[in-house]
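Visitor: I'd like to go over a predicted model; first the sequence, then the structure.
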Amino acid sequence: MGKINQGILGGVSGQVGNVIGGTWKGIDYLRIKPSSVANPRTEGQVDQRSKFSTVLKFLQPMTDFLRVGFKQYANKMTQFNAAMSYNLNNAITGAYPNFMVDYASALVSRGNLTGAANGAASSPSAGNVEATWTDNSGSGSALATDKALIALLNTTRGEAVFTTAGPARSVGTATIPVPSEYSGEDVEVFLGFVSEDGTKVANSSYLGSVTVA
């Protein structure tokens, strides 16, 4: 049972009818208890929940990476939520119950900095994945000092290996060590860039799936 303090315009604690009251950081608040949903599992709701779960599984291993990758879009939301929103709207393919992330359409970094040119990925030696790109410094907003953003997603394990301060754009290559147990497993490789001062970010490019040597 709820209790009204200081008269009808004062604080409310607990529930009075369908009104729930409480205090947060010294501020009294009221909210209306939502009406129960007769059918919480309509086809549209099930589809949306399945899509949400698919994107969540994709992005969660890269949470710390996304703090840099989506920093420009964290307006009134977290970087992770900004990444969720973009990929829910742009990177889902298939139909329920077989929704999948279209890696070529997905972004793990987003911004208006000029992106990578001719990116490619391979695993030339045991325990290493190599990303290469063409130095396109001077093209658009690209600078030689931009730092590579590289993410390797191991969907088998639900893990990611990444760097948010990789080699400069002018270097054209980066080698990322991965755990020895990744040998024989596939990783999905994404490459983006961040400006040296951290204020600009490029859209990531999907470099493909690489089997770790």
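Guide: In hand now; what should we look at? Quick caveat: nothing in here was measured; it's all calculated off a predicted structure.
Visitor: In the chain, where is pLDDT below threshold?
Guide: 1-40 (pLDDT under 70).
Visitor: Tell me the first helix or strand C-terminal of the host helix or strand of E130.
Guide: Assessed by DSSP states H and E, E130 sits inside strand 128-134. Once the chain leaves strand 128-134, the next helix or strand it forms, by DSSP H and E, is strand 147-154.
Visitor: can you list the residues that contact the helix or strand just after that following strand?
Guide: Next along the chain after strand 147-154, taking DSSP H and E as the criterion, comes strand 159-163. With Cβ atoms under 8 Å, 6 or more residues apart in numbering as the test, strand 159-163 has contacts from 61-62, 64-65, 148-154, 174, 176-179, 187. Where C-beta positions appear, they are placed from N, C-alpha and C, glycine not excepted.
Visitor: Counting residues, which helix of the chain comes out longest?
Guide: For the chain, the longest helix by residue count, based on DSSP state H, is helix 43-59.
Visitor: coming back round to it: which among the contacts of strand 159-163 end up buried?
Guide: 61-62, 65, 148-154, 174, 176, 178, 187 (16 or more other Cβ atoms under 10 Å).
Visitor: how is the chain carved up into domains?
Guide: Annotated domains of the chain cover 3-32, 43-212 [the TED database].
Visitor: first to last residue in the last one, what's the distance?
Guide: For domain 43-212, the first and last residues are 40 Å from each other (Cα to Cα, to the nearest Å).
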